[in-house]
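> got a predicted structure plus its sequence, pasted below:
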Amino acid sequence: MRKTGRSFGSVFQRKATRGHFCSWSHHGEKQRRLGGSTRREALRKLALLERELDRGVPHDEAVTLVWGDSHKSELTFRQAVKGYLADAERGMKPSTFRQQKYRLRKILELVAWADKSTSSITATDIQRFISFRLKGSAPSTCNRDVSSFRSVFEWAQRMGHCTSTNPVKDIRLLSEKGRERKMYLTISESATFLRACQDEGDVLVHDFMTVALRTGCRRGELLSLEWRDVLLDRAEMTIRACNSKSSKDRTIPLGKTVIETFRRLRAREKVIQVDGSGRVFMENCKPLHVVRLQRTFERIRQRLSKGKGLVPEKLNEFVIHSLRHTFATLGLQAGASLWVMQKLLGHSNPAMTASLYGHHSASAARPSVDLLDAALDGGGVEEKKGSSASGA
């Protein structure tokens, strides 16, 4: 954010938002209005406002004179959502924007005060909505709703459409402890799952699940994967920053099974883009849609519930994201380091990987500990000659 200081107020710009904004203080509260498309226009309005206030004109009247409308003429919550989404689309990743748009539309369907002005909405209104939402949704869903509310009200205040304080400021997030999904499949359960995928008969979804299980990629990362990101001759693929949750590129080495799966997918392609921009998971020139993927996965879960592949406790927690947990857990149990898994999973730092999977990495050290334990019990560990008795 770039700022230009003045004796009265300041003019600034924000990332991914067009125009220049005026900011000033009135009775200890910060006021912000859109000054114009250019810095000069915003400075001119700020100077006019200062002049009117110096003449003794009341604050709200001075704002009306400079901007041509009443500062208290505010948007409704529905209008604020529309304005926020119009600005957010320019600064968000497409996948993030789609999720935010869907969530806010759902909120507008459920709240009773969508057409109330933003300043008349209180923390009590939002808290009642969260209590209602909690009856049929997980705490994590409610917390994301709170985050969406906060973004809309911050936008309304920044644009000068809301004169009250942000009602979300005093809303406490719900605890999500004990609800983390740590379910993963064993090697035999993984094989049972892939057989169920094959029996379901949807070849494209079966290939998707195979790649997800053997690379640890997120659902959205694979659905957005393009052929130019897959280098079969180098046995690796790249997850682009625009499709990654961490907003960073990462390269993933490919095993033999994944390479064979990609070759089958490529052989089934009827139309191949010269620039490699075509999606990897496509059928009849149409990308695999998340709805089809989810519905097929639910049928696979029902198929597993009728067999002896997974115990009911595991099956109840089994989601597509569990394949990512399976990849990470089995990798650590096989002896991969936390640093390696961090790079493969695309976590921002090893601490995040350790917080999620550190208890699994301990099992990888079990053979070494058992070996040392047996050696000490049998007296097989001898000190080297010349070593100090109190060695460090």
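Yep, it's here.
> middle-most residue in the protein, spatially?
Lys245 (5.4 Å; Cα atoms, centre = their mean).
> please name the residues that touch it.
Arg218, Gly346 (Cβ atoms under 8 Å, 6 or more residues apart in numbering). Just so you know, the C-beta spots here come from the backbone N, C-alpha and C atoms, and that holds for glycine as well.
> report pLDDT for it.
Predicted confidence (pLDDT) at Lys245: the value is 83.
> sort out which residues of the strand or helix carrying Arg105 are buried, please.
Taking DSSP states H and E as the criterion, Arg105 maps to helix 94-110. Across helix 94-110, burial judged by 16 or more other Cβ atoms under 10 Å covers Ser95, Gln100, Lys101, Leu104, Ile107.
> next helix or strand past that helix?
helix 123-134.
> got a list of contacts for that following helix?
Contact partners of helix 123-134, identified using Cβ under 8 Å, 6+ apart, comprise 107, 110-111, 113, 141-142, 145-146, 149, 167-171, 174.
> repeat that for 7 Å
Helix 123-134 has contacts (Cβ atoms under 7 Å, 6 or more residues apart in numbering) with Leu110, Val111, Trp113, Cys142, Asp145, Val146, Phe149, Pro167, Val168, Asp170, Ile171.
> most widely separated two among those residues?
The span of the contacts of helix 123-134, defined through Cβ to Cβ, is set by Leu110 and Asp170 at 21.2 Å.
> straight-line length of stretch 193-207, end to end?
Terminal residues of stretch 193-207 are spaced 12 Å apart (Cα to Cα, to the nearest Å).
> pLDDT on that stretch, on average?
94.
> buried residues, that stretch. List them.
So stretch 193-207, judged by 16+ other Cβ under 10 Å, has buried residues Phe193, Leu194, Ala196, Cys197, Glu200, Asp202, Leu204, Val205, His206, Asp207.
> and of those, the nearest to Ser277?
Leu204 (18.9 Å).
> what's the local residue count around the nearest residue to the closest one once chain neighbours are set aside?
Spatial nearest neighbour of Leu204, excluding adjacent residues (Cβ to Cβ, 6 or more residues apart in numbering): Glu283 at 5.0 Å. Number of residues near Glu283 (other Cβ atoms under 10 Å) recorded here: 17.
> same question, Trp227
21.
> also Leu371?
Neighbour count of Leu371, defined by other Cβ under 10 Å: 11.
> wait, is it part of a strand?
No. Under DSSP: H, G, I helix; E, B strand; the rest coil, Leu371 falls outside any strand and is assigned helix.
> how much space between it and His325?
Plainly put, Leu371 is 29 Å away from His325 if you go by Cβ to Cβ, to the nearest Å.
> quick one on the thing from earlier: helices or strands up against the helix holding Arg105?
helix 77-88, helix 139-158 (3 or more Cβ pairs under 7 Å, 6 or more residues apart in numbering; DSSP states H and E).
> so where's the stretch 251-392 of the chain uncertain?
358-370, 372, 378-392 (pLDDT under 70).
> quick one: the strands in it?
282-283, 286-287 (DSSP state E, counting those that start in this stretch).
> distance from the first one to the middle of the chain?
Between the centre of strand 282-283 and the centre of its host chain there is 26 Å, according to Cα atoms, centre = their mean, to the nearest Å.
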